[in-house]
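A.B. asks: sequence plus predicted model, see below.
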Amino acid sequence: MTRRVVCPGSFDPVTVGHLDIIRRAAALFDEVVVAILHNPSKSGTFTIEQRIDFIEGASADLANVRVAAFGGQLIVDVCRKLEATAILKGLRSESDYAYEVPMALMNRQLTGIETLFIQGDAASGHISSSLVKEISGLGGEIRGMVPDPVRDALYARRPGA
């Protein structure tokens, strides 16, 4: 039986913290599906296709990682469709834990699918997609917080770029 896990998120954009969790998951599971969840009625900073490209590029050396987009469905339904054994989430802080636990319990109640948590690396625990976008938009340096192609794409969006 293949041990398949789903790592869900919006990944708008993917950060080094996300990639740390994906890499560590790839070492633990036979297959990691990075599930880009999106709400079609909301517009993100990057298109779904761009987010897929960014993650695929950054994880190209991991043969057991694949990226797919899902919209308008529960993560547990995505897991059932993919025959995943678990959901894997990265945690940066106690507030992440407090936010994630009720969802994990509800997902288990709905389907029996377990949610596993991996503590994020302390070196990237302060990095979030929203902060990276804000810093970049205000002219700040984000090198080392996101993959270079993401950094370049965010810089290209700066006013006057």
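C.D. replies: That came through, no problem. Residues are numbered from 1 along each chain as shown.

A.B. asks: from now on I want contacts and neighbour counts done on CA atoms only, so please keep to that.
C.D. replies: Will do.

A.B. asks: I figured residue 104 hits residue 115, correct?
C.D. replies: Yes. Between residue 104 and residue 115 there is a contact under C-alpha atoms under 8 Å: 5.5 Å.

A.B. asks: read off the pLDDT value for the closest residue to residue 157 other than its chain neighbours.
C.D. replies: Excluding the flanking residues, the one nearest residue 157 by C-alpha to C-alpha, 6 or more residues apart in numbering is residue 137, at 7.5 Å. Listed pLDDT for residue 137 reads 92.

A.B. asks: test my guess that residue 137 contacts residue 160.
C.D. replies: No. In this structure, residue 137 is not within contact of residue 160 by C-alpha under 8 Å, at 10.8 Å.

A.B. asks: which one of the two has more residues nearby?
C.D. replies: A direct count of neighbours by other C-alpha atoms under 10 Å for residue 137 and residue 160 places residue 137 higher, at 16 against 6.

A.B. asks: assumed residue 117 was part of a strand.
C.D. replies: Yes. According to DSSP: H, G, I helix; E, B strand; the rest coil, residue 117 belongs to a strand.

A.B. asks: so what pairs up with it in the strands?
C.D. replies: Assessed by DSSP bridges, residue 117 has beta-bridge partners residue 89.
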